[in-house]
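>>> fold the following and give me the result.
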Amino acid sequence: MNRKAVIVFMMLAAVMLFATPAFAQAPATTTSGLGNWGLSGIGLGIAVGLAGLGQARVAGSACEGIARNPGARGGIQLAMILGLAFIESLVLFIWVLLFLRAL
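Okay, here's the model as predicted:
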């Protein structure tokens, strides 16, 4: 082993040695007022944000498809509406699951 790898290994070992007592302490009793909604709110925000990006991509692709082939408007529009409904239903399912988790 070269000298640099040994130094990096020793530094990582020292950090893990000093960080271990922090995990052994009792959890804090103070709450931020969010209760169990803290992480659930973050999860819901991530789910809604990614669903919004997905819906934008579906709508953009549908517009491009209609612009390239106006005769297929009906089929593209139906597929777009179904896709948007499925994406939105996934967000609602996530919301319900996070709500049940927070109870």
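
>>> center of the chain, which residue is that?
In the chain, the centroid-proximal residue (Cα atoms, centre = their mean) is residue 46; its distance is 3.7 Å.

>>> does that residue sit in a helix, a strand or a coil?
Under DSSP: H, G, I helix; E, B strand; the rest coil, the three-state class of residue 46 is helix.

>>> what's around residue 76, how many residues?
For residue 76, the count of nearby residues is 19 (other Cβ atoms under 10 Å). C-betas here are computed from N, CA, C, even on glycine.

>>> please disregard the earlier target; I meant residue 8.
The number of residues packed near residue 8 is 10, by other Cβ under 10 Å.

>>> now do the buried residues in the one helix or strand residue 61 maps to.
Using DSSP states H and E, residue 61 falls within helix 37-68. Buried residues in helix 37-68, counted by 16 or more other Cβ atoms under 10 Å: 40, 44, 47, 51, 54, 55, 58, 62, 65, 66.

>>> packing partners for whatever helix or strand comes next after that helix?
Downstream of helix 37-68, the first helix or strand assigned by DSSP H and E is helix 73-102. For helix 73-102, the packing partners by 3 or more Cβ pairs under 8 Å, 6 or more residues apart in numbering; DSSP states H and E come out as helix 37-68.

>>> angle of the helix it packs on against helix 73-102?
180 degrees (axes from the mean of the first three to the mean of the last three Cα atoms, to 10 degrees).

>>> any stretches of this protein with poor pLDDT?
1, 17, 19-40, 102-103 (pLDDT under 70).
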